[in-house]
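[1] Quick one: sequence plus predicted model below, questions after.
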Amino acid sequence: MSYLLNNINCSSPRWAVFSRSVAATLGGYALATSSSLFIGQLLLNSAGKYQAIHIGLLLSFLVYACAAMWVFSVSSATKAWIGLIKANIFLAIGTWLLMQSTGANS
C-alpha cells in the first residue's frame, strides 16, 4: 500500500479529469436535487403541489446535463468544485427561505 501511495502523482492531468468526472457525477446530482427542490418550492403557490414537483423534477434533468457540461468547460477542477458548492449552498438557502415564507415546514 505504501508503494502505491508513494507513486501517486496528484499533479498528473489524469487526476484533474478524474476530479472533474466525480464533480460532474456527484456534484451535478446534488445540484440537480437542490434545484428540483428550489423550483418545486418556487412554483408551489402558482401551480398545484404535484405540478410544481413534476416541473421541478423535469427541469432537474436539464440542470444536471448543464452542470456536467459546465464542469468540463471551466479552466480548473478546483473552480468546478467551488462553483458547484456555491450553487448548492445558494439553492439550499433559497429553498429554506421559500419554505419559511410559505409555511411548508411539514
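    Structure's in. What do you need? Treat the numbers as computed from the prediction; the structure is a model and nothing was measured. Numbering: from 1, shown residues only.

[2] and Ser75, helix, strand or coil?
    With DSSP: H, G, I helix; E, B strand; the rest coil as the basis, Ser75 sits in coil.

[3] Torsion angles phi and psi at it?
    Note on Ser75: backbone dihedrals following degrees, to the nearest 10 are phi -70, psi -30.

[4] so where's this protein uncertain?
    Across the chain, the ranges flagged by pLDDT under 70 are 1-11, 104-106.

[5] quick one, helices of it?
    Using DSSP state H, the helices of the chain run over residues 2-6, 13-22, 28-42, 49-71, 77-102.

[6] can I get those helices in a markdown table with mean neighbour count?
    C-beta: built from backbone N, CA, C; applies to glycine. Formatted as a markdown table, the helices of the chain follow (neighbours: other Cβ atoms under 10 Å):
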| stretch | mean neighbour count |
| --- | --- |
| helix 2-6 | 7 |
| helix 13-22 | 14 |
| helix 28-42 | 21 |
| helix 49-71 | 16 |
| helix 77-102 | 15 |
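
[7] excluding its backbone neighbours, what's nearest the most centrally placed residue in the chain?
    Closest to where the C-alpha atoms of the chain average out (Cα atoms, centre = their mean) is Leu31, at 1.7 Å. Using Cβ to Cβ, 6 or more residues apart in numbering and skipping residues adjacent in sequence, the residue nearest Leu31 is Ala67, 4.9 Å away.
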